[in-house]
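J.: Got a sequence here, can you model it:
(chains A and B)
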Protein chains: 2
Amino acid sequence: MDTITLAHGSGGRLSRELIEEIIYPIFNNNNGHELYDSALLPLKKSTIAMTTDSFVISPIFFPGGNIGKLAACGTINDLAAAGAIPKYMSVGLIIEEGFLIKDLQEILISLYETAVEADVYVVTGDTKIVERGSADRIYINTSGIGIVPEGASVSPKNINVDDLVIVNGTIGDHGMAILSCREGLSFGVNLKSDCTPLNGLVKELLDVGGISCMRDPTRGGLASILLELAHQSGTKMEICEKAIPLHPSVRAGCDMLGLDPLYLANEGKLAIIANPSKKEEIMRVLQSHPLGKNAQVIGRVASRDLKGTVLLETDLGVKRPLMLLEGEDLPRIC
Amino acid sequence: MDTITLAHGSGGRLSRELIEEIIYPIFNNNNGHELYDSALLPLKKSTIAMTTDSFVISPIFFPGGNIGKLAACGTINDLAAAGAIPKYMSVGLIIEEGFLIKDLQEILISLYETAVEADVYVVTGDTKIVERGSADRIYINTSGIGIVPEGASVSPKNINVDDLVIVNGTIGDHGMAILSCREGLSFGVNLKSDCTPLNGLVKELLDVGGISCMRDPTRGGLASILLELAHQSGTKMEICEKAIPLHPSVRAGCDMLGLDPLYLANEGKLAIIANPSKKEEIMRVLQSHPLGKNAQVIGRVASRDLKGTVLLETDLGVKRPLMLLEGEDLPRIC
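T.: Take a look at the predicted model:
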């Protein structure tokens, strides 16, 4: 069994073999969770968070990860950013006929290992095969469930004027890594995707308190997520360009290609909106964590005038409003 | 905005417009559930069921439904068959560039209406766009969460010797409807997919009691699901061919094409394994329900010898073992 055939999607013998011999063994050490079509999940608390994401990234293997690791991180980070403790994940595969079984295994092992690292269990899945030309190799949907601790609340509704805007590290790494890998550009030599699960860091932040809201700025980048938060919270934010941490390769790549790092995707970053009274404690937690050591306060929530606006103070001291992306620079970045 | 463009997947202005102007309004009357990236779900009971399915059916519109209705039914029925009350659903879209917005609307409206009919709320979603040629029009993942009533247990482990095997109606309708629609065959003129949510019927059955296990025989058909249950329960089942209800068009189509209806997909059927002491009450509930009026007892769990075997007693009185499908007759049937 080297490549995927249409018969692997039949519901018959080859379907069973694919699932029992290739897929199940990867999720074997699954804390005793059997992989039925519907997973039964015992929960202690009464509010859960649910999220879903499909991953269509190209290329499927890239510096810093692959589509499997990305699919696990994306869903784990959505739950964590919502203030939930990620617990359970489903995996839905759409595979093109002819795909290599060994690539499938490598991808699923990455997905599984990332989930284990984040203390998340894959509890159910689905596999569909489509004819050659009806998909580009493999697409993965992960849906996730997390537990919302009692009393926890992170939401755009909690955002107040004077709150700080913080990022946990350099932005645009994922987008630039994918782009340089896709185009074979050399400035990306030292650049990897930042793709990583953030739930451990988030837990430490929530323990400190003072977090109004968090988001993971994936597709559309930091600019898009701040515009969304400004829109949803009815506030105006002001961001200082100089304060935004950038990897030198991202800076070089953006200069060369005329791209704005604020719009490049991230897969291991958080935009954190926090009460200024907790600034020191939050920055201490961030900077002492491996995923927050380059954290910076990059701006603040300025007012409730001009709701939905994000102003960027440039290096020249000019304030210009950030705009929503008008087109698609980088399709299939996640 | 008539067709989907790559910019609809950018995370920018067109992404927001697609979601806010086209997608959100369809899920608007959503019982007050806001559609955040992670949905927070209050639950009263402590065990939940989770399932996921991706739908890649071709054609996306067919007699009796479309890919949206199918995506809702598939996930609702997986949860119901597991003994859970379906509550929440996520929707992950992968759309090919150039897809018609009006087709997207029609599909999502069907999905939404089916969910509402089943008392299920769509609480979160995701939309990815891929270039022309990287998908075949539209693929939909739905993941679902249901509540497992306290004390409820339907599982292959509960299957006992002498249990009855029951189906709630004619089998193979979905598979044959798709096939005749795809190939333009005339025997399918009066045939529609049986695609429908089964959770209402399942609730009535569970109220009666005596249900050891249930499954919805989708891809791979009734034969595949019975083989799976025999395998998982360590039993041998015996099925009587004559007792299996068939729509005349399915019978005609199978005769003409040399197909076996036991392997054709269903999207509104249940294989019910039940205690014989409850036979009369279960059959009364089934036959007085619109989705069970053609229900039949089609066989029984015969022994714990020859575990994993399903014997079919043919019209000629011969008993032959059913086999797992070896190839793929009908790719992209769901």
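J.: Distance check, the residue nearest the centre of chain A against A:Ile140.
T.: Centroid-nearest residue in chain A: A:Gly74, 3.4 Å away (criterion: Cα atoms, centre = their mean). Distance, A:Gly74 to A:Ile140, using Cβ to Cβ, to the nearest Å: 9 Å. To be clear about C-beta, it is placed using only N, CA and C from the backbone, and glycine gets the same treatment.
J.: Quickly list what's touching both of those two.
T.: Here A:Gly74 and A:Ile140 share the contacting residues A:Phe55, scored by Cβ atoms under 8 Å, 6 or more residues apart in numbering or on different chains.
J.: so what's A:Val297 up against?
T.: Counting by Cβ under 8 Å, 6+ apart, A:Val297 touches A:164-166, A:243, A:279, A:283.
J.: how big is the angle separating the lengthiest strand in chain A from strand B:85-96?
T.: Longest strand of chain A, by residue count under DSSP state E: strand A:85-96. In terms of direction (axes from the mean of the first three to the mean of the last three Cα atoms, to 10 degrees), strand A:85-96 departs from strand B:85-96 by 50 degrees.
J.: Starting from strand A:85-96, tell me which strands it pairs with and how they run.
T.: Strand pairing for strand A:85-96, using DSSP bridges, gives strand A:121-130 (parallel), strand A:138-147 (antiparallel).
J.: Give me the next element, helix or strand, following it.
T.: helix A:101-117 (DSSP states H and E).
J.: Give the buried residues for that next one.
T.: A:101, A:103-104, A:106-112, A:114-117 (16 or more other Cβ atoms under 10 Å in any protein chain shown).
J.: Report the distance from the longest strand of chain A to the chain centre.
T.: 14 Å (Cα atoms, centre = their mean, to the nearest Å).
J.: average pLDDT across that strand?
T.: If you average the pLDDT over strand A:85-96, you get 94.
J.: Taking their axis directions, that strand and helix A:101-117 sit at what angle?
T.: Interaxial angle of strand A:85-96 relative to helix A:101-117 (the same axes, to 10 degrees): 170 degrees.
J.: Just the CA trace of strand A:85-96, in CSV.
T.: Output in CSV follows, covering the C-alpha atoms of strand A:85-96 (Å, rounded to 0.1, in the frame of the first residue of the first chain):
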residue,chain,number,x,y,z
ILE,A,85,-8.6,24.7,27.5
PRO,A,86,-8.4,22.6,24.3
LYS,A,87,-9.4,19.0,25.0
TYR,A,88,-10.7,17.1,22.0
MET,A,89,-10.1,17.2,18.2
SER,A,90,-11.7,15.6,15.1
VAL,A,91,-9.7,15.1,11.9
GLY,A,92,-11.5,15.1,8.5
LEU,A,93,-9.2,14.2,5.6
ILE,A,94,-9.9,14.9,1.9
ILE,A,95,-7.2,13.1,-0.1
GLU,A,96,-6.4,13.1,-3.8
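J.: Which ones, among the contacts of A:Val297, also lie beside chain B?
T.: Near chain B, taking Cβ under 8 Å from any Cβ of the partner chain as the test, no member of the contacts of A:Val297 is found.
J.: I'd like those laid out as TSV, including pLDDT.
T.: Output for the contacts of A:Val297, formatted as TSV (pLDDT from 0 to 100):
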residue	pLDDT
A:Leu164	98
A:Val165	98
A:Ile166	98
A:Ala243	98
A:Lys279	98
A:Met283	98
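J.: quick one on the thing from earlier: of the strands paired with strand A:85-96, flag the one that's most buried.
T.: strand A:138-147 (a mean of 28; mean count of other Cβ atoms under 10 Å in any protein chain shown).
J.: now, which of the contacts of A:Val297 sits nearest B:Lys192?
T.: The nearest member of the contacts of A:Val297 to B:Lys192, counting by Cβ to Cβ, is A:Val165 at 54.5 Å.
J.: now the strand or helix carrying that closest one: how far from the chain's centre is it?
T.: In the assignment (DSSP H and E), A:Val165 maps to strand A:164-167. Counting by Cα atoms, centre = their mean, strand A:164-167 is centred 18 Å from the centre of its parent chain.
J.: and whichever residue of the stretch 101-250 of chain A sits closest to chain B, how many neighbours?
T.: Distances between the stretch 101-250 of chain A and chain B by Cβ to the nearest Cβ are smallest at A:Gly220, namely 2.3 Å. Counted by other Cβ atoms under 10 Å in any protein chain shown, the residues lying close to A:Gly220 total 27.
J.: Just to be sure, A:Thr218 is in a strand?
T.: No. Counting by DSSP: H, G, I helix; E, B strand; the rest coil, one finds A:Thr218 to be coil, located in no strand.
J.: what's the least confident helix or strand in chain A, going by average pLDDT?
T.: strand A:38-42 (a mean of 71; mean pLDDT, DSSP states H and E).
J.: What pairs with that one, parallel or antiparallel?
T.: Its sheet considered, strand A:38-42 pairs with strand B:47-55 (antiparallel) by DSSP bridges.
J.: Give me the mean pLDDT for the helix or strand following the partner strand.
T.: Sequence-wise, the next helix or strand downstream of strand B:47-55 (DSSP H and E) is strand B:61-62. If you average the pLDDT over strand B:61-62, you get 96.
J.: same deal with stretch A:173-188?
T.: Mean pLDDT, computed over stretch A:173-188, is 85.
J.: How about the contacts made by the nearest residue to A:Pro42 once chain neighbours are set aside?
T.: The shortest distance from A:Pro42 to any non-neighbouring residue, by Cβ to Cβ, 6 or more residues apart in numbering or on different chains, is to B:Thr47 (5.0 Å). B:Thr47 makes contact with A:40-43, B:147-148, B:150, according to Cβ under 8 Å, 6+ apart.
J.: Filter those down to the buried ones, ChimeraX style.
T.: In ChimeraX syntax, the buried subset of those is picked out as below (16+ other Cβ under 10 Å):
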select /A:40,41,43 /B:147,148
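J.: Can you name the residues that contact the nearest residue to A:Gly146 once chain neighbours are set aside?
T.: Leaving aside its chain neighbours, A:Gly146 sits nearest to A:Ala84 (3.1 Å; criterion: Cβ to Cβ, 6+ apart). Applying Cβ under 8 Å, 6+ apart, we find A:Ala84 in contact with A:48-49, A:146-148, A:152, B:38, B:40.
J.: Likewise for A:Ile60?
T.: A:Ile60 sits in contact with A:66-67, A:103, A:107, A:137-138, where contact means Cβ under 8 Å, 6+ apart.
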